[in-house]
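J.: fold the following.
(2 chains)
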Amino acid sequence: DAGVIQSPRHEVTEMGQEVTLRCKPISGHDYLFWYRQTMMRGLELLIYFNNNVPIDDSGMPEDRFSAKMPNASFSTLKIQPSEPRDSAVYFCASRLAGAGETQYFGPGTRLLVL
Amino acid sequence: DAKTTQPTSMDCAEGRAANLPCNHSTISGNEYVYWYRQIHSQGPQYIIHGLKNNETNEMASLIITEDRKSSTLILPHATLRDTAVYYCINPYGGSQGNLIFGKGTKLSVKP
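T.: Numbers count the residues shown, from 1 in each chain, chains lettered A, B, ... in the order given. The predicted structure follows:
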């Protein structure tokens, strides 16, 4: 069974450009999470969804970041406009309801903003 | 901030047991302890979790002290592929979406 799928795996863009990261959770999972990892701040939760509805977006750094989940099999994290400090690895994870905090992570998208 | 404390790094010889400690002295009665690991350039991977009884699965064993203030993750026969950062996590009060990753323990398995 396929795990969490993220695309692209690597993204290089210039400051000011729009960046869209994509995630396909494991089929049947009710929860989807977006994390960001940097050397300075470690792994941080940005936002999570339950049944396609955003539940907690308190980790989203600022209005330049937005996330959507139009259906149970797809989510996007958008940064507009991007800045060099957004350079990080972005992970998507999913889990089943009732599975505690057993989350399954994707391989991540490595973003570099020049 | 993470509610757990772990050593920054540890070494282990290949084939030997790796014992990774974690302190979670503020844990509440209904809170679990979760362990994840992150191999270089990969996403975090769930290992095991427990409430108060010791737990074992195909990856590892988890030993939780009787007072639940600390635990130890045991990799019984460490291999080079077990080199990773290991995170001990105490999600807040059972609330969902609250995996707070601290700095973890960098385990280096050496030949």
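J.: now do the contacts for the residue lying closest to A:Gln6 once chain neighbours are set aside.
T.: Among residues not flanking A:Gln6 along the chain, A:Gly106 sits closest, at 4.0 Å (Cβ to Cβ, 6 or more residues apart in numbering or on different chains). Just so you know, the C-beta spots here come from the backbone N, C-alpha and C atoms, and that holds for glycine as well. A:Gly106 makes contacts with A:Gly3, A:Val4, A:Ile5, A:Gln6, A:Cys23, A:Phe91, A:Cys92, A:Ala93, B:Gly43, as judged by Cβ atoms under 8 Å, 6 or more residues apart in numbering or on different chains.
J.: which residues touch B:Gln45?
T.: A:Phe105, B:Tyr36, B:Arg37, B:Gln38, B:Ile39.
J.: let me know the closest of those residues to B:Asn19.
T.: B:Arg37 (14.4 Å; Cβ to Cβ).
J.: is it true that the closest one touches B:Tyr86?
T.: Yes - contact criterion Cβ atoms under 8 Å: B:Arg37 and B:Tyr86 qualify, at 4.8 Å.
J.: residue in chain B nearest to chain A?
T.: B:Gly43 (3.3 Å; Cβ to the nearest Cβ).
J.: okay, now that residue: neighbour count?
T.: B:Gly43 sits with 23 neighbouring residues when counted by other Cβ atoms under 10 Å in any protein chain shown.
J.: do the same with A:Pro54
T.: Here the count is done by other Cβ under 10 Å, and A:Pro54 has 16 residues near it.
J.: how about the contacts made by the nearest residue to it once chain neighbours are set aside?
T.: Take A:Pro54 and drop its neighbours on the chain: the residue closest to it by Cβ to Cβ, 6+ apart is A:Ile47, 6.0 Å away. A:Ile47 makes contact with A:Phe33, A:Trp34, A:Pro54, A:Asp56, A:Asp57, A:Gly59, A:Met60, A:Ala67, A:Leu77, according to Cβ under 8 Å, 6+ apart.
J.: re earlier: what is in contact with B:Arg37 and B:Tyr86 at once?
T.: B:Ile47.
J.: hmm, back to that, show me what the residue nearest to A:Pro54 is bridged to.
T.: On the basis of DSSP bridges, A:Ile47 is bridged to A:Trp34.
J.: quick check: the residue nearest in space to the middle of chain A vs chain B, distance?
T.: Chain A has A:Trp34 as the residue nearest its centroid, 3.2 Å off, counting by Cα atoms, centre = their mean. The gap separating A:Trp34 from chain B is 11 Å, by Cβ to the nearest Cβ, to the nearest Å.
J.: any chance of the contacts of A:Gly106 in TSV, with pLDDT too?
T.: Shown next, in TSV, are the contacts of A:Gly106 (pLDDT from 0 to 100):
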residue	pLDDT
A:Gly3	95
A:Val4	98
A:Ile5	98
A:Gln6	98
A:Cys23	98
A:Phe91	98
A:Cys92	98
A:Ala93	97
B:Gly43	96
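J.: re earlier: next, the residue nearest to the residue of chain B closest to chain A when sequence neighbours are not counted: phi, psi?
T.: Spatially, and ignoring its direct neighbours in sequence, B:Gly43 is nearest to A:Phe105 (3.3 Å; Cβ to Cβ, 6+ apart). Here is the backbone geometry of A:Phe105 (degrees, to the nearest 10): phi -100, psi 150.
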